[in-house]
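Novice: generate coordinates for the sequence data below:
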Amino acid sequence: MFTRTLFTQTLFIQRVTERARSACDISFKSQPHNLPKAPLIAPLTFLLASLFTLTSIAVSAADKIDVIPVTVEAIQETAFADIVNEVGKINAIDSAILNFNASEKISAIHFSNGDKVTKGQVIAEQDNTKAKADLDKAKSTLALAKTKLERIEDLLIKEPFALSKQDVDELRENVNLADADFRQKQATMNDYLIKAPFDGQLTSFSQSIGSQIGAGTALVTLYSLNPVEVRYAISQKDLGKAQKGQKVNVTVEAYGNKVFNGLVNYVAPAVDESSGRVEVHAALDNPEFKLAPGMFANIKQFYSNDIKHLLVPQNSIIANNDERFVWLVRGDSAVKQVVKLAQNTNDGYAVVTEGLAEGDLVVKTGMQNLKADSKIKVIQDKSAADKATVSSANSGAVEALSAEPSTEGAE
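Specialist: Below you'll find the model as predicted:
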């Protein structure tokens with residue numbers, strides 16, 4: 001539009017000049033030679049003044065250049081968390097299938113299905129009548145053997161040679177044998193009991209009171225639910241990144257977005273031949289017993305929390321076939337800058353790997369009117385200022401959630 005206006009004004013000046021010359025020629029030719037020529041000077045002066053005025057207007061128009069208003073944002077370096085997202089399953093770290101070591105009828109069950117128990121509590125008992133009788137018999141035999149030995153020892157004090165040393169040794173051995181038999185019968189009594197080997201929660205009982213149950217037959221399972229463990233597998237390319245002690249965040253469907261925190265406690269030393277993946281375990285505190293064995297879980301494992309990357313607003317990125325570029329502010333002009341991008345952050349920014357430096361100002365809005373060396377005027381972006389205030393109050397590592405190059409915001 002500016003070029004067209006300048007051309008029109010130039011053409012007009014040329015026409016005025018030609019007409020001025022023609023008027024002067026006509027006037028001089030039509031007037032007698034003896035008349036004064038002063039009246040002819042006035043029109044010529046007026047035309048020349050007009051010519052100079054229009055020339056000044058044209059020059060002023062040539063000096064006037066359109067200024068494009070834009071908003072800008074500075075390129076900043078942000079700390080990223082290198083994470084992996086996987087799906088796994090909650091497991092109990094300690095679990096035990098509880099059974100009797102004797103074959104008898106169940107005489108008592110002291111807990112109900114799903115009850116919590118503490119270590120050492122008696123959970124169930126079998127009929128131990130015969131075993132108790134054997135224990136009482138062994139106890140009596142031990143007491144009799146001790147009494148005999150005590151009498152002989154008292155006699156030997158009075159009559160040292162009343163009994164041979166061999167006979168005395170046999171009496172002492174009988175006491176030892178009786179004591180061993182008693183302790184064995186006493187230990188056998190535990191075969192008729194089931195005690196909790198650790199704190200935990202019971203499942204449902206498979207048998208009821210009065211049932212004849214054989215040795216080794218499962219009666220109930222006990223799970224330790226605090227802490228619990230999540231098990232999952234990672235890609236073999238991440239084997240070198242995963243280490244014990246790394247942080248994990250776990251969510252389960254039952255509790256929505258509630259995050260359970262844990263630490264990696266096992267990384268398999270080899271890749272599984274069948275799946276080609278690496279098994280990982282992480283322990284999770286579970287004081288309220290919200291996490292139950294068998295639950296499916298979404299896991300985020302944090303390999304690192306201090307990876308620095310430059311971020312560029314996705315709105316600033318323009319696509320031209322395979323090329324991606326932004327407009328950089330250089331003084332009062334905009335300069336095109338080709339960039340290379342990595343992953344998106346899913347919050348309106350993309351990681352830039354080449355083409356920009358920290359502190360560079362990129363055009364965020366208004367770039368649709370820009371051309372090479374366009375003159376610009378930076379105006380305040382209120383939304384960006386508000387966002388910067390929020391960001392400074394909530395600074396921290398940004399999770400790298402996508403590994404695909406960014407094309408969002410491209411025009």
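Novice: got phi/psi on residue 142?
Specialist: phi -60, psi -40 (degrees, to the nearest 10).
Novice: doesn't residue 174 make contact with it?
Specialist: No. Distance between residue 142 and residue 174: 9.5 Å, which falls outside the contact criterion (CB atoms under 8 Å). For every residue, glycine as well, the C-beta is placed using N, CA and C.
Novice: who has more neighbours, those two?
Specialist: Between residue 142 and residue 174, counted using other CB atoms under 10 Å, residue 142 has the larger neighbour count: 21 against 17.
Novice: now the more buried one: how far from residue 177?
Specialist: Note on residue 142: its distance to residue 177, by CB to CB, to the nearest Å, is 9 Å.
Novice: element containing the residue lying closest to residue 227 once chain neighbours are set aside, please.
Specialist: Counting by CB to CB, 6 or more residues apart in numbering, residue 227 lies nearest to residue 283, which is 4.8 Å off, once chain neighbours are set aside. Taking DSSP states H and E as the criterion, residue 283 maps to strand 277-284.
Novice: counting by contacts, list what the very next helix or strand once past that strand packs against.
Specialist: Beyond strand 277-284 in the direction of the C-terminus, DSSP H and E gives the next helix or strand as strand 296-313. The contact analysis (3 or more CB pairs under 8 Å, 6 or more residues apart in numbering; DSSP states H and E) places strand 296-313 against strand 76-92, strand 228-235, strand 247-252, strand 277-284, strand 349-354, strand 361-365.
Novice: pull the CA atoms of strand 296-313 into CSV?
Specialist: Taking Å, rounded to 0.1, in the frame of the first residue of the first chain, the C-alpha atoms of strand 296-313 are listed here in CSV:
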residue,chain,number,x,y,z
PHE,A,296,-2.8,-52.8,39.2
ALA,A,297,-0.7,-49.6,39.6
ASN,A,298,0.6,-46.8,37.4
ILE,A,299,4.2,-46.1,38.2
LYS,A,300,6.5,-43.2,37.6
GLN,A,301,10.1,-43.9,38.3
PHE,A,302,12.4,-40.9,38.5
TYR,A,303,15.9,-41.6,37.0
SER,A,304,17.1,-38.1,37.5
ASN,A,305,15.8,-34.7,38.7
ASP,A,306,18.4,-32.2,37.3
ILE,A,307,18.5,-32.4,33.5
LYS,A,308,18.6,-28.8,32.1
HIS,A,309,16.8,-27.9,28.8
LEU,A,310,15.8,-24.6,27.1
LEU,A,311,12.1,-24.1,26.6
VAL,A,312,10.3,-22.2,23.9
PRO,A,313,6.6,-21.3,23.8
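Novice: could you check the angle strand 277-284 makes with it?
Specialist: For strand 296-313 against strand 277-284, the angle by axes from the mean of the first three to the mean of the last three CA atoms, to 10 degrees is 100 degrees.
Novice: for strand 296-313, buried residues please.
Specialist: By neighbour count on 16 or more other CB atoms under 10 Å, the buried set for strand 296-313 is 297, 299, 300, 301, 302, 303, 309, 310, 311, 312, 313.
Novice: likewise for stretch 136-145?
Specialist: Of the residues in stretch 136-145, those buried (16+ other CB under 10 Å) are 138, 141, 142, 145.
Novice: now swap in stretch 76-95 and tell me
Specialist: Buried positions in stretch 76-95, judged by neighbour count with 16+ other CB under 10 Å: 78, 80, 81, 82, 83, 84, 86, 88, 90, 91, 92, 93.
Novice: quickly list what the second one is bridged to.
Specialist: Which is residue 80. According to DSSP bridges, the residues that bridge with residue 80 are residue 307, residue 398.
Novice: nothing else from me, thank you.
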